[in-house]
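Asks: sequence and predicted model, in that order:
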Amino acid sequence: MASAVPLSNKPKSGLSTLLSQADLLFPLGMFVIVIVMVLPVPSFILDLLLSANIAITLLIMMVIIYVKVPTEFSSFPTVLLAVTLLRLSLNIASTRLILLDGYAGQVIEAFGKILIQGNYLVGAVVFLILVVINFVVITKGAGRIAEVTARFTLDAMPGKQMAIDAELNAGMIDELTASKRRSGVQKEADFYGAMDGASKFVRGDAVAGILITLINIIGGFGIGMLQKGMSFPDAVQKYTLLSIGDGLVTQIPALVVSVAAALLVTRTADENSLGSQISSQITGYPRAMVVVAGMLLFFAVMPGMPGVPFLILATIVGVVAWGMMKKKKGERGGLSAAPGDGAPALKDKDGKVLPPGAAAKVQAADDMRKLTATEVLAVELGFGLIKLADRAQGGDLLDRITGVRRTFASETGMVIPPIAIHDSVDLESNQYRFLLRGKSVASGAIMPGRWLAMDVTGGQAELKGVPAKEPVFGLSAYWIGEEERREAELRGYSVVDAVSVIITHLSETLKQIGGMVLSRQEVQLMVDGLKETHPALVTELFPDLVTLGIVQRILENLLREGIPIKNLAVILEAVADFASVSKNPDELAEQVRRRLGIYFAPAYESEPGIIKALTLDPRLEQYLSARVQRTHFEVILSVDPQTAQYLLRELMERSNFLVEQGLQPLVIIGAELRLAFKRFFEPSLPRLVVLSYQEIPPQTEIQTLGIIMAPPAILDKSATPPAQPAA
């Protein structure tokens, strides 16, 4: 039995082998061009190369007619240069044969005898007309169009790139689509810039054609009369015909390539080829064709005018116009459109056509939805900061914001939605602000082109610059120029650029509002992703034990205090363990924190395995625990104003001490008090971290840097805790 040959093992054809080595064809062709310039070429080889030149130029024109977007033929400027060099090399080879042998092959002889019937004066006139058409009309016009288009394309690049970035940040397109569009814009600018330069080669080629022909004629006279003893009429007849034929055989392809270049730079982007585009647009106005048919008919009946040609043309145009009008009328009759607007009728969800009034209401509702739509996150920039988001001016704000989103997702496990970027007339020139669903959550001001030198250690000498406050941590700082940057670094200042200030501010703001950004839809996507790897867990949890809203509240509590939610499976397993006991999101979140402590507690270690923190006097902690009030909706710490002021003062002093030591302000207390204590002091001390003993892994050592003692009022008398409200 004969075995089948695998497809991959089948021998390749000669054409397939040639195409697989296509990267070698262009270098080989350029090498051949150089060889033709330097070495003598037999007449039959010259005939082959001249024929190939004509074929290549015709192929280029056909390709340009069928491309839909000019940048699809982005290699055309290089091809144009190569074809121009090929023609010049053929001119050199033909000149060598004409002057040495008085014969340059059948192609040149045919152009000299057949096309101009052996009349060298007619040939000279035709040759000059072709050169004038190519040089003065086509090449000059195409070069001007390429120059203007290149200038306009480069000027429009920043606006196009900002529009792409705005759509990306608004979530209208993904990053892959945005990357493709940016590549298209860059390719378009490169293409028209290259075309502007390549058009100069075409103009130079036209001039060279005239000079080469004149040199051939003059040189032919000298060689024919002085070296070969020919008479003047014979020398003129022979060498002029050969030179004119040589000029025609190269100028006709040059004219074709020039026309192709002009077609390419005058093309506009369209889904159809050039022929389809032109025919559809011209025949799209049948009334104009009717008018033309009438004018041709008028010329046909005018006395003294040849009636037959105009009558034939009038009939053809009239028939085409009648056919187009009939076709257009049929298309209008086949559409289900609202009266008077020419647009297809709107349909409801069942596919029924809505009446005009209902369709108008649906359209108005859609417009109102667009007006009321609010972006989740946005960055607004003053006029002076717009250039920071413009890649054409070296701005990298957009890329760095994307980097912030990636970093936030990798650190917390939550994907921040696209962040829109707008300019705002409500801001000063150098101001910026961050919006959460249209509400400003943070703002600041920077000085583009300058550096922010921050006094991180305190007490540093003043710098020559504009005094400022670092917007995130409130550090004393100066806006300095490039010349003062080195000095500031030597003095111990931390120096960052203006964009880094915005990025750092945005990163810290996202950490604070991450829980507010998290939506039920995002939680649903996270749960759906987890269902693929942990189907049993998701099936057990939803919908019998908890709802999606409870899980959202739990995750929001974790994000609010900077706890990553990357370990979603561990979080939901903890929820499943305690959901049968309580449905309170706050209580479930505290249980989740204990399960997650091994993952997030090491982030607060000042040394490996050591956490340095503040603690509370046991009597104070017992007193506060007795005043924790719990409801189905919140956890409250209820203390008298004197005790609250005392604790706030102590916490502020101790926190400042820890910050001066380069440590995180951290308090460790019992689990029953932790959440109420955190929420009570969070408005005044938002950066104070409150952990419970139960969250810290057993192998981690706790070093107490200070104990907050109970105030005298608590030590002197036994305070009676308030009655617990009924659940």
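Replies: Structure received. Keep in mind it's a predicted model, so treat the numbers as computed, not measured.
Asks: how about the nearest residue to I386 once chain neighbours are set aside, phi and psi?
Replies: Leaving aside its sequence neighbours, I386 sits nearest to D423 (CB to CB, 6 or more residues apart in numbering; 5.4 Å). Yep, even glycine has a C-beta here, placed from its N, CA and C like the rest. For D423, the backbone dihedrals (degrees, to the nearest 10) come out as phi -90, psi 160.
Asks: what residues are bridge-paired with D423?
Replies: For D423, the beta-bridge partners are L381 (DSSP bridges).
Asks: could you list every residue that touches it?
Replies: Taking CB atoms under 8 Å, 6 or more residues apart in numbering, we find D423 in contact with E380, L381, G382, F383, I386.
Asks: what about the stretch 251-400 of the chain, any weak spots by pLDDT?
Replies: 265-285, 328-373 (pLDDT under 70).
Asks: all helices for it, in order.
Replies: Counting by DSSP state H, counting those that start in this stretch, one finds helices in the stretch 251-400 of the chain at the ranges 274-282, 286-301, 307-334, 356-372, 397-412.
Asks: tell me how far the last one lies from the chain's centre.
Replies: Relative to the centre of its chain, helix 397-412 is centred 16 Å away, using CA atoms, centre = their mean, to the nearest Å.
Asks: quick one, longest helix in this structure?
Replies: Longest helix in the chain, counting residues (DSSP state H): helix 175-222.
Asks: so which elements touch that helix?
Replies: Helix 175-222 sits against helix 76-101, helix 120-132, helix 140-169, helix 232-265, with contacts defined as 3 or more CB pairs under 8 Å, 6 or more residues apart in numbering; DSSP states H and E.
Asks: centre of the chain to that helix, how far?
Replies: Between the centre of helix 175-222 and the centre of its chain there are 30 Å (CA atoms, centre = their mean).
Asks: between that helix and helix 76-101, how big is the angle?
Replies: Angle between the axes of helix 175-222 and helix 76-101 is 20 degrees (criterion: axes from the mean of the first three to the mean of the last three CA atoms, to 10 degrees).
Asks: quick one: which of the contacts of D423 is nearest to I503?
Replies: L381 (13.2 Å; CB to CB).
Asks: V501 versus the residue nearest to I386, what's the distance?
Replies: D423 sits at a distance of 18 Å from V501 (criterion: CB to CB, to the nearest Å).
Asks: quick check: L648 is in a helix.
Replies: Yes - counting by DSSP: H, G, I helix; E, B strand; the rest coil, L648 is part of a helix.
Asks: re the thing from before, for the contacts of D423, pick the one with the most neighbours.
Replies: Highest neighbour count within the contacts of D423: L381, with 23 neighbours (other CB atoms under 10 Å).
Asks: surely that one touches D390?
Replies: No - if you go by CB atoms under 8 Å, L381 and D390 don't touch, sitting 10.6 Å apart.
Asks: next SSE after the host helix or strand of Q622?
Replies: For Q622, the element it lies in under DSSP states H and E is helix 618-625. As assigned by DSSP H and E, the chain's next helix or strand after helix 618-625 is strand 628-630.
Asks: what residues sit buried inside that next one?
Replies: V628, R630 (16 or more other CB atoms under 10 Å).
Asks: then stretch 29-43?
Replies: I33, V36, M37, V41, S43.
Asks: let me see the mean pLDDT of it.
Replies: Across stretch 29-43, pLDDT averages out at 79.
Asks: need the residues that contact that stretch.
Replies: Contacts of stretch 29-43 (CB under 8 Å, 6+ apart): 49, 82, 85-86, 88-90, 92-93, 96-97, 101, 103-106.
Asks: and stretch 580-589, by the same measure?
Replies: For stretch 580-589, contacts defined as CB under 8 Å, 6+ apart pick out 545-546, 550, 553-554, 557-558, 574-575, 578-579, 630, 632, 634-635, 675.
Asks: any idea how far apart the tips of that stretch sit?
Replies: In terms of CA to CA, to the nearest Å, the two terminal residues of stretch 580-589 are separated by 14 Å.
Asks: also stretch 696-703?
Replies: Criterion CA to CA; first-to-last residue distance in stretch 696-703 is 12 Å.
Asks: now it: average pLDDT?
Replies: On average, stretch 696-703 scores 92.
Asks: in it, what counts as buried?
Replies: I696, T700.
Asks: all strands of the stretch 601-727 of the chain, in order?
Replies: All strands of the stretch 601-727 of the chain, identified by DSSP state E, counting those that start in this stretch, fall at 610-616, 628-630, 635-637, 666-669, 689-692, 701-708.
Asks: for those, which one sits closest to T402?
Replies: Among the strands of the stretch 601-727 of the chain, the nearest to T402 by CB to CB is strand 689-692 (29.1 Å).
Asks: to L25, which of the strands of the stretch 601-727 of the chain lies closest?
Replies: strand 689-692 (67.4 Å).
Asks: who does the closest one touch, helix- and strand-wise?
Replies: helix 585-600, strand 666-669, helix 671-681.
Asks: still on that earlier bit, distance to E462 added to the strands of the stretch 601-727 of the chain, as a markdown table?
Replies: Below are the strands of the stretch 601-727 of the chain laid out as a markdown table (distance: least, CB to CB, whole Å):
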| stretch | distance to E462 |
| --- | --- |
| strand 610-616 | 33 |
| strand 628-630 | 48 |
| strand 635-637 | 43 |
| strand 666-669 | 33 |
| strand 689-692 | 33 |
| strand 701-708 | 32 |
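Asks: which stretch among these approaches S243 most closely?
Replies: strand 689-692 (92.0 Å).
Asks: nearest residue to the middle of the protein?
Replies: Geometric centre of the chain, nearest residue: A178, 3.2 Å, by CA atoms, centre = their mean.
Asks: is it true that it touches I164?
Replies: Yes - contact criterion CB under 8 Å: A178 and I164 qualify, at 5.3 Å.
Asks: domain ranges for this structure?
Replies: Domain ranges of the chain: 25-272, 283-327, 377-516, 518-600, 605-727, per automatic domain parsing.
Asks: what segments of the stretch 401-550 of the chain are strands?
Replies: Under DSSP E, counting those that start in this stretch, the stretch 401-550 of the chain gives strands at 419-423, 431-436, 439-445, 451-454, 466-469, 476-480, 494-497.
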